[in-house]
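*Asks:* Please work out how this folds:
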Amino acid sequence: LRQQHIEPGTNLVSYVQDALDEIEYIIGGPKTKWGAQRVKDGHPAPFPLNYVEIGNEDFFDRSRSYDGRFAQFYDAIKAKYPRLQVIATTRVSSRVPDLLDEHYYRSQEEMEAHAHDYDKRKREDKPKVFVGEWATRVGSPTPNMAGALGDAAWMTGMERNSDLVIMSCYAPLFVNVSDLGRGRSMQWKTDLIGYDALNSYGSPAYYAQKMFSTLHGNEVLATDSQGIPTYTWQPPARRRGGVEQPRPPEQQVPTLFFDATRDSASGTIFLKVVNRQGTPQTVKIEISGAPALASEGTMTVLKADSPEDTNSIQDPMKIVPVTERVDGLGNDFAREFPPYSITVLELKPK
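*Replies:* Numbers count the residues shown, from 1 in each chain. Model prediction:
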């Protein structure tokens, strides 16, 4: 289909005004035109609004007009609402956006190969990042354990770099797994939650998301590693402009992914470890610069016998996190992590 766009300048003015009117409806006072309309519609208090995104996936726009359009929206919004954070959907040079919205839909291997991307990004390289759409695309109609492992590997990278990646949002959520749902032409294949007329279930990737969202601290701890095994991954060939591109070279990708955070109030350290390998991996863990840690703690594990294992309407609880008390922890200890597993260790001060 031919792409359509509005050039920046006079033709864009009415669109910018529409955006300002919408913002006024959301946060404007009762004496403003659109704030008064919101009050009349039954919501006297302004809605909370902190971010406004200009466009969506404009890296697909071949007209190269986005930079100018973004500048026009940015200037108008900042002039009237300077506290609002403005998000760009692709890199621009005319202004410095507050956030850049990045989207990633990848295989398990691609997610793992890119799990350290944000470790390498320069902190002075503004703007900060909103990973507004992302998913490991493995499994159907909901992600299997391979999808959960890819998601978890990627999330360790985002959590480890949460000074840079300040927000993220997994994209597809619900899928109708009945015959009618599967027959829809635009059906996603990696939704977190499956349902039919009577039942619902969470996929392994849903539980990986839940573990990361509930088991974490508010401080990111520095981590390093030595001697982690790797596997060889061949990036897929790409086509650009209808032309086959040279196949990228093989990469050596870790088989373990990890990060650590600490709750500043309780002192609890949350150590996350993802083992994508089909064999157990024993890791020696040394924690320095922290108070003495107790030998007993809590371990939550999501694991499967095979990366193809998954949950379903018929077997909704096949792969779910299991939490138990464990001992043998402390500031210096060794731990075996099961095959195909996502583990969160909660290490508590004495």
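
*Asks:* pLDDT of stretch 67-77, averaged?
*Replies:* What stretch 67-77 shows for mean pLDDT is 97.

*Asks:* residue boundaries of the strands in the stretch 101-250 of the chain?
*Replies:* 128-136, 165-168, 174-176, 193-195, 200-202, 219-220, 230-233, 239-240, 243-244 (DSSP state E, counting those that start in this stretch).

*Asks:* What segments of the stretch 201-350 of the chain are helices?
*Replies:* Using DSSP state H, counting those that start in this stretch, the helices assigned to the stretch 201-350 of the chain run over residues 204-214.

*Asks:* Tally up the residues packed near Glu244, please.
*Replies:* Residue neighbour count, defined by other Cβ atoms under 10 Å, stands at 9 for Glu244. Where C-beta positions appear, they are placed from N, C-alpha and C, glycine not excepted.

*Asks:* what does Arg121 give?
*Replies:* Counted with other Cβ under 10 Å, residues neighbouring Arg121 total 12.

*Asks:* Make sure it is actually in contact with Arg160.
*Replies:* No. In this structure, Arg121 is not within contact of Arg160 by Cβ atoms under 8 Å, at 11.8 Å.

*Asks:* among the strands of the stretch 101-250 of the chain, where is the model least confident on average?
*Replies:* strand 239-240 has the lowest average pLDDT among the strands of the stretch 101-250 of the chain, namely a mean of 72.

*Asks:* Compute the first-to-last residue distance for stretch 99-112.
*Replies:* For stretch 99-112, the separation between the terminal residues is 24 Å (Cα to Cα, to the nearest Å).

*Asks:* Report the mean per-residue pLDDT for that stretch.
*Replies:* Stretch 99-112 comes out at a mean pLDDT of 96.

*Asks:* Sort out which residues of that stretch are buried, please.
*Replies:* By neighbour count on 16 or more other Cβ atoms under 10 Å, the buried set for stretch 99-112 is 99-104, 106-112.

*Asks:* now swap in stretch 158-177 and tell me
*Replies:* Along stretch 158-177, these residues count as buried under the neighbour rule (16+ other Cβ under 10 Å): 158-162, 164-166, 168, 170-172, 175-177.

*Asks:* Over to stretch 266-274?
*Replies:* Neighbour counts over stretch 266-274 (16+ other Cβ under 10 Å) mark Thr268, Ile269, Phe270, Leu271, Lys272, Val273, Val274 as buried.
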